[in-house]
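Student: 3D model of this:
(chains A and B)
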Amino acid sequence: MSAARPQVRFFMGKGGVGKSTLSALSALYHADRGRRVVLASFDPAHNLGDIFQRKLADRPVSVLENLSVAEIDPEKWSREYLKEAEQQFRAAYAYLTTFSLEKHFKVIRHAPGVESYALMRAFDHLYRDGKADILLLDMPPTALSLSFLALPKLSLLWLGQLHALRVEIQKKQKMINRLRLGRREMERDRVMENINRQTERWRERSAVFSNNAQTRYLLIENPDALSALENTRIEERLKELGYGKPERVVNKAADDQSAFPLAPGLYGLEKMRAYIARHKSVFDALIR
Amino acid sequence: MSLFAGIKKFFKGLDQQHRRKAVEDLEWEMHELQHIFGLLTLGYMVGLPSAPLPVAWELLPDMPQEFAIMLARLNTAQNPLSEQFSRLDVS
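Tutor: Modelled structure (predicted):
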């Protein structure tokens, strides 16, 4: 993932605080300043279509010349991922005719981790396709968001352990080769190659998530204790994962100097642009 | 055969015997490590904590040996002592 990759903004927080509205306003703010913007909703309960008053799809749909919006369907990405995994498994283990694959894959579909990995694949696709200077993500409920964000670190932890174990296996194999055949060289270890390949990919993702110059975490909250408490927990978890310092943004506030004031019925490009113009100083300060 | 050749043959046979036993032991140890590797990647199938599913699934096509060991273990899982005795040549 090179330096030319897009800036990334995660909009997180408790349900109903206005993540979708603020991410849509931010997307429009950046697009009207000439940047190429892709906004994607990872929340299964989408409402970006309602906000932009457009029918959206799982892949980015052009709303303005330099603004595309997508409503990611996690179910669809999960299905695609499992289909791919099943095909690879069938190709590698064609001889296992008695092994009930269908039954197995039905169970796997609901296994923990599939949904967050499906979102990771969607993220990779949006991140790498080169269509955006800035990628804004309207995140799903907190549990799924955190499981998505923890996946690179968790996978790297496991891959590190598996790598160490594989080194032990290779050592034994080397000794056996030497005793039995008098050979020192090792045969190609596909498992080790696979581990190294996966490690490289998860490191790239982890580097994007922890790069403060490229990625920002905007924790949206309202002037109430519950949404603030949830953001405190998100903040702690992101800190544990080593993802820089998240920024807290207050929405639906009475104060219009350092927070976003409540504006009922805020949808459609015209109303959104008027809101941005009214609160330009807040956008300039908080939405970089 | 001269005495020297006989002694040489004896020690060569002894060396081969020790090498064979050492290889057998090492192979058993390696199989155990491969088994642990299999459990760490496929353990979710039997309710054990294991690597995140995407990591495990991507590894699976490249680990037929570990997968075969896991399947073979199904046959010996009910009687682990017999495997140990057969390895130690106890009948």
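
Student: Near chain B, which residues of the stretch 151-288 of chain A? Just list them.
Tutor: Applying CB under 8 Å from any CB of the partner chain, we find that the stretch 151-288 of chain A lies next to chain B at A:151, A:154-155, A:158-159, A:161-162, A:165-166, A:168-169, A:172-173, A:175-176, A:179-180, A:190-191, A:193-195, A:198. Glycine gets a C-beta too; all of them are placed from N, C-alpha and C.

Student: Next one: the most far-flung residue of chain A relative to its centre from chain B, what distance?
Tutor: Relative to the mean C-alpha coordinate of chain A, counting by CA atoms, centre = their mean, the farthest residue is residue A:182 (50.1 Å). The gap separating residue A:182 from chain B is 10 Å, by CB to the nearest CB, to the nearest Å.

Student: That residue and residue B:29: what is the separation?
Tutor: 20 Å (CB to CB, to the nearest Å).

Student: What of residue A:238?
Tutor: As judged by CB to CB, residue A:238 and residue B:29 stand 42 Å apart.

Student: Check residue A:242 too.
Tutor: According to CB to CB, residue A:242 and residue B:29 sit 37 Å apart.

Student: got it, and residue A:62?
Tutor: Taking CB to CB, one finds residue A:62 at 60 Å from residue B:29.

Student: And the two? Which one has more around it.
Tutor: A count of neighbours by other CB atoms under 10 Å in any protein chain shown puts residue B:29 above the other of residue A:62 and residue B:29, at 15 against 11.

Student: With the flanking residues excluded, which residue is spatially nearest to the more buried one?
Tutor: Leaving aside its sequence neighbours, residue B:29 sits nearest to residue A:172 (CB to CB, 6 or more residues apart in numbering or on different chains; 5.9 Å).

Student: unless I'm mixing things up, the one you found is touching residue B:33, no?
Tutor: Yes. With contact defined as CB atoms under 8 Å, residue A:172 reaches residue B:33; the gap is 6.6 Å.

Student: ok, the residue of the stretch 1-150 of chain A found nearest chain B - contacts?
Tutor: Nearest residue of the stretch 1-150 of chain A to chain B (CB to the nearest CB) works out as residue A:92 at 3.7 Å. Residues near residue A:92 by CB atoms under 8 Å, 6 or more residues apart in numbering or on different chains: B:60, B:61, B:62, B:64.

Student: buried subset of these?
Tutor: In the contacts of residue A:92, burial by neighbour count holds for B:60, B:61, B:62, counting by 16 or more other CB atoms under 10 Å in any protein chain shown.

Student: now, which of those residues lie close to chain A?
Tutor: Applying CB under 8 Å from any CB to the buried ones among the contacts of residue A:92, those adjacent to chain A are B:60, B:61, B:62.

Student: in the longest helix along chain B, what counts as buried?
Tutor: Ranked by residue count, the top helix of chain B under DSSP state H comes out as helix B:3-42. For helix B:3-42, the neighbour count (16+ other CB under 10 Å) marks B:23, B:26, B:30, B:31, B:33, B:34, B:37, B:38, B:39, B:40, B:41, B:42 as buried.

Student: these two touch, right, the second one and residue A:172?
Tutor: Read it as residue B:26. Yes. Counting by CB under 8 Å, residue A:172 is a contact partner of residue B:26 at 5.6 Å.

Student: For chain B, what lies in contact range of chain A?
Tutor: Within chain B, the positions adjacent to chain A are B:19, B:22-23, B:26-27, B:29-30, B:33-34, B:36-37, B:40-41, B:44, B:51-55, B:57-64, B:66-67 by CB under 8 Å from any CB.

Student: quick revisit: and the gap between the residue farthest from the centre of chain A and residue A:77?
Tutor: Following CB to CB, the distance that separates residue A:182 from residue A:77 is 51 Å.

Student: same thing with residue A:271?
Tutor: 32 Å.

Student: Neighbour count for the two, which is higher?
Tutor: With neighbours defined as other CB under 10 Å, residue A:271 and residue A:77 compare such that residue A:77 has more, 22 against 14.

Student: quick one: the more buried one is in a helix?
Tutor: Yes. Under DSSP: H, G, I helix; E, B strand; the rest coil, residue A:77 falls within a helix.
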